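Need coordinates for the following:
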Amino acid sequence: MAVLPVEIPWQQLFEAAELARQRAHAPYSKFQVGAVILCDDGSISAGCNVENASYGLTVCAERNAVGAMVMGGKKPVAVAIVVDSKEPTPPCGMCRQVLAEFGASELPVGSRTVSGLEARWTIAELLPHAFTRSFL
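All right, here's what the predicted structure looks like:
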């Protein structure tokens with residue numbers, strides 16, 4: 001396993017998330033989201049949101065990125081999201097739960113708007129009292 005830098009390369013991650021955002025399929029909401037996960041081996045797993053006419057079948061960018069990460073057998077180190085909105089947008093509740101399944105409570109999550117506003121949280125801040133495998 002590669003040794004990761006102590007500092008998260010947020011600029012690089014946001015640039016990759018923007019590229020993913022540009023691939024989003026959001027014909028209904030027009031809310032395009034790109035997400036990337038910095039993995040424990042230094043690689044990046046990307047995802048974009050994919051909407052469906054049957055809204056409940058829509059898959060968020062963060063969950064698509066988690067799927068790509070899992071396919072590679074990796075673990076998350078940081079998550080970056082880019083949105084075209086007025087404010088940085090945290091993951092939805094479903095995505096928070098999925099990220100909590102794979103990441104430690106200290107997993108950093110950063111969000112940036114296309115205009116450059118940024119915010120950062122940890123999974124614990126986004127989802128206090130997460131339902132985890134410890135309850136099973």
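
residue contacts, Arg133?
Glu101 (CB atoms under 8 Å, 6 or more residues apart in numbering). Placement of C-beta: from N, CA and C, glycine included.

ok, Phe14 - how many residues close by?
22 (other CB atoms under 10 Å).

ok, now Ile37?
Neighbour number of Ile37 under other CB under 10 Å is 32.

Confirm it sits in a helix?
No - assessed by DSSP: H, G, I helix; E, B strand; the rest coil, Ile37 does not belong to a helix; its assignment is strand.

beta partners for it?
Counting by DSSP bridges, Ile37 is bridged to Ser45, Val79.

if I look at it, how far off is Pro27?
Ile37 sits 25 Å away from Pro27 when distances are taken as CB to CB, to the nearest Å.

likewise Ala53?
In terms of CB to CB, Ala53 sits 9 Å off from Pro27.

How about Ala130?
Taken as CB to CB, the span from Ala130 to Pro27 is 32 Å.

who's more crowded, those two?
Neighbour tally, Ala130 and Pro27, criterion other CB under 10 Å: the higher count belongs to Ala130, 16 against 9.

Please name the nearest non-neighbouring residue to the more buried one.
Ala100 (4.1 Å; CB to CB, 6 or more residues apart in numbering).

Can you report how many residues neighbour Ala65?
So Ala65, with other CB under 10 Å, has 28 neighbours.

so how far is the helix or strand containing it from its chain's centroid?
Per DSSP states H and E, Ala65 falls inside helix 61-71. With CA atoms, centre = their mean, to the nearest Å as the basis, helix 61-71 stands 8 Å off its chain's centre.
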